[in-house]
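**Q** pasting the sequence and the predicted coordinates here, then a few questions.
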Amino acid sequence: MLKRLWECLTVWSVPPTSLRGAQAILVHAAGENSPNDPGIVNKYNAELIRKLYQELKIPVIAQGELKLYLNDIPGAVFSPRQAETAPNYMNTYDIALWQKAECEKLGVQRVVLVSYYPHYWRAVKATQKVGLVVLVPSGLREIYDPNNSQKWARYKWINRPYELLARMESLRQGWL
């Protein structure tokens, strides 16, 4: 527990790994700017996902905020968008549980996880907590969007403290 607490406080990036044996690409999205504008963070991640899909030709299981950018990927599966589940909020662990269920349908265990920094570390730990093996691609970035619907995702000076609090709550809940 102390080791994980220390990591919550100090780990802000995860080194890339080999993608050998990857069976699916999982995606945690940033909030969208509007129903017709997924935002620059999701656009960047969609480009990375498209590149990974072209290279690996494996299923994509993504949050619905990326659907506008990835709806042409054959067989891609999307969760509901946050706006569609409001007032209920799908947190990082909820998404990991949903993705685990989708992976079980496909017999998938080893996954490439895509998200944005600084959220990425928490997404990795939640995905591992539900029992999946996470492979880390290169090209992940820390990006902020001043038009993001999630106020904490607009600027680094807001997002870092928010992420720290989210990590503490996730740790308290047993999601990491």
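**A** Nice, thanks for sending it over. Numbers count the residues shown, from 1 in each chain.

**Q** this protein: strands as residue ranges?
**A** Secondary structure of the chain by DSSP state E: the strands cover 24-27, 60-62, 77-78, 110-114, 133-135.

**Q** so can I have CSV of these showing distance to residue 91?
**A** In short, each C-beta sits where N, CA and C put it, glycine included. Listed next are the strands of the chain as CSV, based on distance: least, C-beta to C-beta, whole Å:
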stretch, distance to residue 91
strand 24-27, 15
strand 60-62, 16
strand 77-78, 17
strand 110-114, 16
strand 133-135, 18
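
**Q** burial of residue 160, as a residue count?
**A** Residues within reach of residue 160, counting by other C-beta atoms under 10 Å, total 14.

**Q** I figured it hits residue 117, correct?
**A** No: using C-beta atoms under 8 Å, residue 160 is not in contact with residue 117; the gap is 10.0 Å.

**Q** residue nearest the centroid of the protein?
**A** Against the mean C-alpha coordinate of the chain, by C-alpha atoms, centre = their mean, the closest residue is residue 28 at 2.1 Å.

**Q** now that one. Nearest residue, chain neighbours left out?
**A** Computed as C-beta to C-beta, 6 or more residues apart in numbering, the closest residue to residue 28 that is not its neighbour in sequence is residue 115, at 3.9 Å.

**Q** kindly report the same for residue 69.
**A** residue 46 (3.5 Å).

**Q** do the same with residue 98
**A** For residue 98, the nearest residue in space outside its immediate sequence neighbours is residue 79; the separation is 5.5 Å by C-beta to C-beta, 6+ apart.

**Q** do you know how far the one you found is from residue 7?
**A** From residue 79 over to residue 7 the distance is 27 Å, taken as C-beta to C-beta, to the nearest Å.

**Q** okay, now the unreliable bits of the protein?
**A** Per-residue confidence of the chain (counting by pLDDT under 70) places the weak regions at 85-86.

**Q** where along the chain do the helices fall?
**A** Residue ranges of the helices in the chain, as given by DSSP state H, are 2-10, 40-56, 67-70, 82-85, 92-106, 120-129, 156-173.
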